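Colleague: Okay, here's the prediction I keep looking at, along with the sequence it came from:
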Amino acid sequence: MADRNQLDLFGAPTPETRPQPPAGQASRGKPPLGPVAPTPEQLAQARELPPLVRLGTSSWSFPGWEGVVYDRAATEHELSKAGLLAYAQHPLLRTVGIDRTFYAPVPARVLAEYAAQVPDSFRFLVKAHDEVCTLRFGDHPRLGIRRGQDSPHFLDPAYTIDQIVLPFMEGLGEKGGPLLFQFPPQDALKSLGPDRFAARLHDFLRQLPKGPLYAVELRNRELLGPQLAAALRDVNASLCYAAWSQLPPVDQQARRVPLEPMPALVIRWQLPRGATYEAQRAEWAPFRHLQEEDLETRSAIAQLMKTALAKGKATYVIVNNKAEGCAPESVFKLIEKYLSIR
């Protein structure tokens with residue numbers, strides 16, 4: 001059965017559980033931004049969806065979601081300030097990714113402001129700062145003076161605890177879901193090889209505080225194997241299976257690094273095979289509806305979700321707009337598929 005507070009947001013939530021708008025938010029002549037009322041079918045699905053299963057999108061700030069998530073037109077800036085409160089009221093959107101933390105650490109007070117806007121059962125997937133996950137930076141223009149440089153904080157536990165883990169725990173509390181270490185594709189990591197990388201990752205993770213659900217996402221396919229599986233198993237961390245353009249399909253990833261010993265199932269559905277973020281954005285923005293349905297990936301993710309629930313594991317699935325054209329619609333279709341095979 002879905003969490004009572006999430007469903008009650010479309011009825012009459014009690015004051016002590018009502019999520020709060022961001023401090024200082026004003027209407028400025030516009031009606032308050034709200035969620036699109038869920039359909040009867042979606043409400044029925046929310047009641048059937050197990051509490052351990054949480055699906056959501058990689059952000060909430062997309063104006064193209066008017067009529068899909070939001071009840072009126074809003075700018076990206078307005079959504080960045082007020083969208084989360086409305087997003088989290090949809091009974092099928094039970095988690096969301098916070099990507100801004102990948103580019104710079106975010107203080108606990110900001111994360112606490114996010115946490116105050118969502119129901120008790122809601123969870124956030126938070127990315128760790130890229131300096132922890134990058135051995136040597138590439139040539140992307142956004143990197144500025146870091147381009148081509150070694151990271152000063154690659155797998156640095158002291159920096160990670162101070163700048164990432166403690167703010168995550170303090171700011172989000174029980175609403176913290178996976179704390180994700182996303183390792184971009186790197187020739188430098190490839191040169192380490194599976195054994196050395198797994199050993200360094202293991203040493204890093206074992207020094208972090210107990211409590212958070214740590215997840216690791218890799219974009220170097222050659223590092224997905226028994227060495228990584230053993231390292232994650234020993235520190236009770238999860239691999240984030242990534243449906244990403246240059247990786248094997250998620251079901252193949254699960255054969256290389258099995259789900260069985262992991263504390264939770266974590267999946268991010270990012271891109272079709274062979275695609276790029278830039279090309280998908282140019283073709284599909286503003287992401288109002290599904291463009292190209294990926295039935296194979298949808299089915300594979302639903303099967304992994306079914307396996308995880310059978311083993312009593314919490315499940316987190318984050319979907320990007322560039323996966324099929326509209327992340328919330330992909331979530332709704334994925335839930336429909338999952339419930340059809342339970």
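Modeller: That came through fine. Numbers count the residues shown, from 1 in each chain.

Colleague: What segments of the stretch 1-150 of the chain are helices?
Modeller: 4-8, 40-48, 76-87, 108-115, 130-133 (DSSP state H, counting those that start in this stretch).

Colleague: quick one, the third one and helix 108-115 angle?
Modeller: Per axes from the mean of the first three to the mean of the last three CA atoms, to 10 degrees, the angle that helix 76-87 makes with helix 108-115 is 60 degrees.

Colleague: which strand residues sit across from Tyr70 in the sheet?
Modeller: Judged by DSSP bridges, the bridge partners of Tyr70 are Pro35, Glu66.

Colleague: List the contacts of it.
Modeller: Going by CB atoms under 8 Å, 6 or more residues apart in numbering, Tyr70 touches Leu33, Gly34, Pro35, Val36, Leu79, Gly83, Ala86, Tyr87. Every C-beta, even on glycine, is put in place using the N, C-alpha and C of the backbone.

Colleague: so how many other residues sit close to the last one?
Modeller: If I follow you right, that is Tyr87. The number of residues packed near Tyr87 is 26, by other CB atoms under 10 Å.

Colleague: Isn't it up against Gly34?
Modeller: No. Contact criterion CB atoms under 8 Å: Tyr87 and Gly34 do not qualify, at 10.4 Å.

Colleague: how about the helices of the stretch 1-150 of the chain, which one is nearest Lys333?
Modeller: helix 40-48 (11.1 Å; CB to CB).

Colleague: then the closest one to PDB, C-alphas only?
Modeller: Taking C-alpha atoms only, helix 40-48 is exported to PDB below (Å, rounded to 0.1, in the frame of the first residue of the first chain):
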ATOM      1  CA  PRO A  40      -8.100   7.100 -11.000                       C
ATOM      2  CA  GLU A  41      -5.700   4.500 -12.600                       C
ATOM      3  CA  GLN A  42      -2.700   6.200 -11.100                       C
ATOM      4  CA  LEU A  43      -4.300   6.400  -7.600                       C
ATOM      5  CA  ALA A  44      -5.000   2.700  -7.900                       C
ATOM      6  CA  GLN A  45      -1.400   2.000  -9.000                       C
ATOM      7  CA  ALA A  46      -0.200   4.000  -6.000                       C
ATOM      8  CA  ARG A  47      -2.200   1.900  -3.600                       C
ATOM      9  CA  GLU A  48      -0.800  -1.300  -5.200                       C
END
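
Colleague: buried stuff in that helix?
Modeller: For helix 40-48, a neighbour-count test (16 or more other CB atoms under 10 Å) marks Gln42, Leu43, Gln45, Ala46 as buried.

Colleague: now Val317: how far from Lys30?
Modeller: Taking CB to CB, to the nearest Å as the measure, Val317 falls 32 Å from Lys30.

Colleague: With Ala275 instead?
Modeller: From Ala275 to Lys30 the distance is 36 Å (CB to CB).

Colleague: And these two? Which one has more around it.
Modeller: Ala275 (17 against 12).

Colleague: Tell me both backbone torsions, phi and psi, for the more buried one.
Modeller: With angles defined as degrees, to the nearest 10, Ala275 sits at phi -90, psi 170.

Colleague: what about the nearest residue to it once chain neighbours are set aside, distance to Pro185?
Modeller: Spatially, and ignoring its direct neighbours in sequence, Ala275 is nearest to Ser245 (5.0 Å; CB to CB, 6 or more residues apart in numbering). Going from Ser245 to Pro185 by CB to CB gives 10 Å.

Colleague: okay, among the buried residues of helix 40-48, which ones form the most distant pair?
Modeller: Longest span within the buried residues of helix 40-48, CB to CB: Leu43 and Gln45, 7.3 Å.

Colleague: before we move on, which element is Gly177 in?
Modeller: Following DSSP states H and E, one finds Gly177 within strand 176-183.

Colleague: That strand pairs with which strands, parallel or anti?
Modeller: Short version: by DSSP bridges, strand 176-183 pairs with strand 123-127 (parallel), strand 213-218 (parallel).

Colleague: which parts of it are buried?
Modeller: Here strand 176-183 shows Gly176, Gly177, Pro178, Leu179, Leu180, Phe181, Gln182, Phe183 as buried, counting by 16+ other CB under 10 Å.

Colleague: Understood, closing this out.
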